[in-house]
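# From the sequence below, what's the structure:
(chains A and B)
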Amino acid sequence: MSTEQKNKINLVANSESKPYWEGAAKGQLLIRTCNACGKAHYYPRTICPHCFSEDTAFVEASGNGVIYSYSVTRQAKPPYVIAYVTLDEGVSMLTNIVDCEIDKISIGQKVKVKFNEAEDGYALPVFTSA
Amino acid sequence: MGINGKSYIVGIYEHPCRAALDKTLPQLHAEIAKGALADAGLSKDDVDAYFCAGDAPGLGPINMIEYMGLNNVRHMDSTETGGSSYIVHVNHAAQAIAAGHCNVALITLAGRPVADAKEGKPVRYYNQQAPDFPFEMPYGPNVTNMYAMCAMRHMYEYGTTSEQLAWIKVAASHHAQYNEHARLRDVVTVEDVVNSPMIADPLHRLDCCVITDGGGGIVMVSPEVAKSLKRTRVKVLGAGEAPKHLAAGQVDLTYSGARWSGPKAFAEAGVTTADIKYASIYDSFTITVLETLEDLGFCKKGEGGKFVSDGNLISGVGKLPFNTDGGGLCNNHPGNRGGMTKVLEAVRQVRGEAHPKVQVRNCDIALAHGTGGLLGSRMGSATVILGNEDA
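As a prediction, this is how the structure comes out:
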């Protein structure tokens, strides 16, 4: 195993999360929606947390959103940005903001998804300036 | 069936140690149990109910009851809501006593994160099977940055400043100087706080609580048992508990579960914020206090910054004396769980046994509030209102 591979993030792929990582590997940000109540939710679940229906499915999100809040973890080397991004589809997700000048990040800033390679052929959705 | 007036706190103990290299975790629990029972004037054989949370090793109550030799237990509860667990336990013990399930309830908390770190043991453990784990852990959430995002959003929506948050630490430090056991006893200024190193924007090092070993315990009894004891009794007037979480993606970081646990406790106690002479407010970080005070109704949402400023939380100076033991910010946050010590100082205040420099006059009614888990994602909130015999 090369050094590069070792540094890739290891994701927890179980029956509820694996399709999400597989979608990310194909460049798709998936969110779970409910066919019974029509509402989206995050993080993805088999049974809808709004109406308890089992008729839920993954759909592709636009990948666009705005930063709801963020923080820079200054003590980490290198520092990283954790954030909640509110997607255009109306749900917010925990993520990282990457490839940005850290001190210019702001709440309300428009961002778009990008995908970081992970172990086992999966990918992790993160966000960068739109 | 309400709990108002149906149980009393008659014994408390706060372990004086802040680093427990020479003690095991069960040993700390037992030392605390012994201290709390001695304070109450009761023996271990009087205990017929035992409460502990996730800090207790093994299967919690089973292992601890065996270790301590509590031979008369007929009621157990190991409710786990993180650092607020022990305030939930006070509520549950009050309910169990009111229902006649028990007469003498013992609650213990102990932890040794300082010692564990020195010994190279993992300080925290979070289960991979937690449903949020796969979708959150890859992004590097930690305790500080998850609270920091709440502060960042509160600042954005309401114009709250770092200087206003700093006043919370300043007030805690004013109180801690009188507590000989406090981890940090130096009085600090707003400038000291905002000039301390940034840990996770906008929270500085001095916006964060201490990490300590030790713990605390509480003994609660029925009114009949309370009357047979010599110790000043503290009446449980009301309590509330509430979960708050990310609501399937409808995230709002500007408030806590205190929005729901508070009104339940006030209603049961039959009092309002104006009646509260002293408040123990969970202070893992300064922002935790600010949002909680708003949610409990001590000020309007968004006005917490103004409310905490200019020493308003300092005993003898401001309108709402808080955390007169120095709180988690300066005194003690044993096992990374601050709910227990919140109850202990509220009991000292109602008894009139806080340090004379911080004792609130005529403290007939006090409140203690806990926030367990993470303000930035999911938490268990718990509020209890205590009073003296006449309250």
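# use CA for all of it now, contacts and neighbours both
Fine.
# Where does the prediction get shaky in chain A?
Scanning chain A with the threshold set as pLDDT under 70 gives A:1-7.
# Can you tell me which residues in chain A are near chain B?
Contact residues, chain A versus chain B (Cα under 8 Å from any Cα of the partner chain): A:9, A:11-13, A:17, A:41-43, A:49-50, A:68-75, A:82-83, A:90-96, A:107, A:124.
# Give the buried subset of these as a PyMOL selection command.
Applying 16 or more other Cα atoms under 10 Å in any protein chain shown to the residues of chain A next to chain B, the buried members can be selected in PyMOL as follows:
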select buried, chain A and resi 9+11+12+13+17+41+42+43+49+68+69+70+71+72+73+74+82+83+90+91+92+93+94+95+96+107+124
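# Looking at the residues of chain A next to chain B, which are in helices?
Per DSSP state H, helices hold no members of these.
# mind listing the helices for chain B?
When assigned using DSSP H, the helices of chain B occupy the ranges B:25-40, B:61-68, B:85-98, B:113-118, B:133-136, B:143-158, B:162-176, B:190-194, B:223-227, B:258-269, B:286-296, B:304-308, B:339-351.
# Next, the buried residues of the fifth one.
Of the residues in helix B:133-136, those scored as buried under the neighbour-count criterion (16+ other Cα under 10 Å) are B:134-135.
# Packing partners of it?
Here helix B:133-136 touches strand A:92-97, going by 3 or more Cα pairs under 8 Å, 6 or more residues apart in numbering or on different chains; DSSP states H and E.
# And for the strand it packs on, what's in contact with it?
A:42-43, A:68, A:80-87, A:125-128, B:135-136, B:139, B:249-251 (Cα atoms under 8 Å, 6 or more residues apart in numbering or on different chains).
# Distance to residue B:376 and mean pLDDT for the helices of chain B - can I get that in a markdown table?
Output for those, formatted as a markdown table (distance: least, Cα to Cα, whole Å; pLDDT from 0 to 100):
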| stretch | distance to residue B:376 | mean pLDDT |
| --- | --- | --- |
| helix B:25-40 | 29 | 98 |
| helix B:61-68 | 30 | 98 |
| helix B:85-98 | 18 | 98 |
| helix B:113-118 | 22 | 95 |
| helix B:133-136 | 12 | 96 |
| helix B:143-158 | 5 | 98 |
| helix B:162-176 | 17 | 98 |
| helix B:190-194 | 22 | 98 |
| helix B:223-227 | 40 | 98 |
| helix B:258-269 | 14 | 98 |
| helix B:286-296 | 10 | 98 |
| helix B:304-308 | 18 | 98 |
| helix B:339-351 | 18 | 98 |
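# Any chance of CSV for these, columns distance to residue B:276?
Formatted as CSV, the entries for these read as follows, by distance: least, Cα to Cα, whole Å:
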stretch, distance to residue B:276
helix B:25-40, 25
helix B:61-68, 34
helix B:85-98, 17
helix B:113-118, 33
helix B:133-136, 39
helix B:143-158, 25
helix B:162-176, 18
helix B:190-194, 26
helix B:223-227, 23
helix B:258-269, 10
helix B:286-296, 11
helix B:304-308, 15
helix B:339-351, 11
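# which one of those helices lies closest to residue B:11?
Each of the helices of chain B has some distance to residue B:11 by Cα to Cα; the shortest is helix B:25-40, at 4.0 Å.
# contact partners of the closest one?
Here helix B:25-40 has contacts from B:10-15, B:43-44, B:56-57, B:64, B:67-68, B:106-112, B:214-219, B:229, B:231, using Cα under 8 Å, 6+ apart.
# in that helix, what counts as buried?
For helix B:25-40, the buried set under the neighbour-count rule, 16+ other Cα under 10 Å, comprises B:25-26, B:28-40.
# Stretch A:96-116 too?
Along stretch A:96-116, these residues count as buried under the neighbour rule (16+ other Cα under 10 Å): A:96-98, A:105-107, A:109-116.
# One more: stretch B:85-100?
Of the residues in stretch B:85-100, those buried under the neighbour-count criterion (16+ other Cα under 10 Å) are B:85-98.
# show me what contacts residue A:12?
Contact partners of residue A:12, counting by Cα under 8 Å, 6+ apart, are A:18, B:128, B:133-134.
# again, only using 7 Å
Applying Cα atoms under 7 Å, 6 or more residues apart in numbering or on different chains to residue A:12 gives the contacts residue B:134.
# Residue B:360 too?
Contacts of residue B:360 were listed using Cα under 7 Å, 6+ apart, and they are B:315, B:349.
# Do you know the pLDDT at it?
As predicted, residue B:360 sits at a pLDDT of 98.
# how much space between it and residue B:57?
Using Cα to Cα, to the nearest Å, residue B:360 is found at 37 Å from residue B:57.
# do residue B:38 as well
Taking Cα to Cα, one finds residue B:38 at 24 Å from residue B:57.
# same deal with residue B:319?
Here the criterion is Cα to Cα. By it, residue B:319 lies 41 Å from residue B:57.
# re earlier: closest one of the buried residues of stretch A:96-116 to residue B:352?
In terms of Cα to Cα, no member of the buried residues of stretch A:96-116 lies closer to residue B:352 than residue A:107, at 46.3 Å.
# Just the residues contacting stretch A:56-70, thanks.
A:28-35, A:46-48, A:81-89, A:107-113, B:149, B:152-153.
# And the nearest residue to residue B:250 once chain neighbours are set aside, its phi and psi?
Excluding its sequence neighbours, the residue lying closest to residue B:250 (Cα to Cα, 6 or more residues apart in numbering or on different chains) is residue A:91, at 5.8 Å. When read as degrees, to the nearest 10, the backbone of residue A:91 gives phi -100, psi 150.
# mind checking how far the longest strand seen in chain B is from the chain centre?
The strand spanning the most residues in chain B, taking DSSP state E as the definition, is strand B:234-244. Centre-to-centre, strand B:234-244 and its host chain are 12 Å apart (Cα atoms, centre = their mean, to the nearest Å).
# With stretch B:26-44 instead?
On Cα atoms, centre = their mean, the centre of stretch B:26-44 falls 19 Å from that of its chain.
# repeat for stretch B:294-303
Taking mean C-alpha positions (Cα atoms, centre = their mean), stretch B:294-303 and its chain are 19 Å apart.
# Put the alpha carbons of it into PDB.
Listed next in PDB are the C-alpha coordinates belonging to stretch B:294-303 (Å, rounded to 0.1, in the frame of the first residue of the first chain):
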ATOM      1  CA  GLU B 294     -31.600  32.900  26.900                       C
ATOM      2  CA  ASP B 295     -33.400  29.600  26.600                       C
ATOM      3  CA  LEU B 296     -34.300  29.500  30.300                       C
ATOM      4  CA  GLY B 297     -35.900  33.000  29.900                       C
ATOM      5  CA  PHE B 298     -33.500  35.000  32.000                       C
ATOM      6  CA  CYS B 299     -33.300  37.400  29.000                       C
ATOM      7  CA  LYS B 300     -34.700  37.500  25.500                       C
ATOM      8  CA  LYS B 301     -33.200  35.300  22.700                       C
ATOM      9  CA  GLY B 302     -30.300  37.200  21.300                       C
ATOM     10  CA  GLU B 303     -29.800  39.400  24.300                       C
END
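# Quickly note the distance from residue B:293 to chain A.
From residue B:293 over to chain A the distance is 21 Å, taken as Cα to the nearest Cα, to the nearest Å.
# need the contact list for that residue.
With Cα under 7 Å, 6+ apart, residue B:293 has these contacts: B:299, B:304.
# same thing but 8 Å
Remark: with contacts taken as Cα under 8 Å, 6+ apart, residue B:293 is in contact with B:281, B:299, B:304.
# Quick check on the residues you listed: which are buried?
Neighbour counting with 16+ other Cα under 10 Å marks B:281, B:299, B:304 as buried within these.
# Between those residues, which sits nearest residue B:340?
Distances from these to residue B:340 were compared by Cα to Cα; the smallest belongs to residue B:281, at 11.2 Å.
# is it true that that closest one touches residue B:381?
No. Judged on Cα atoms under 8 Å, residue B:281 makes no contact with residue B:381 at a distance of 11.1 Å.
# Of all residues in the stretch 51-200 of chain B, which one is closest to chain A?
Closest approach between the stretch 51-200 of chain B and chain A, counting by Cα to the nearest Cα: residue B:200, at 4.5 Å.
# Which residue is the nearest non-sequential neighbour of that residue?
Spatial nearest neighbour of residue B:200, chain neighbours left out: residue A:73 (4.5 Å); criterion: Cα to Cα, 6+ apart.
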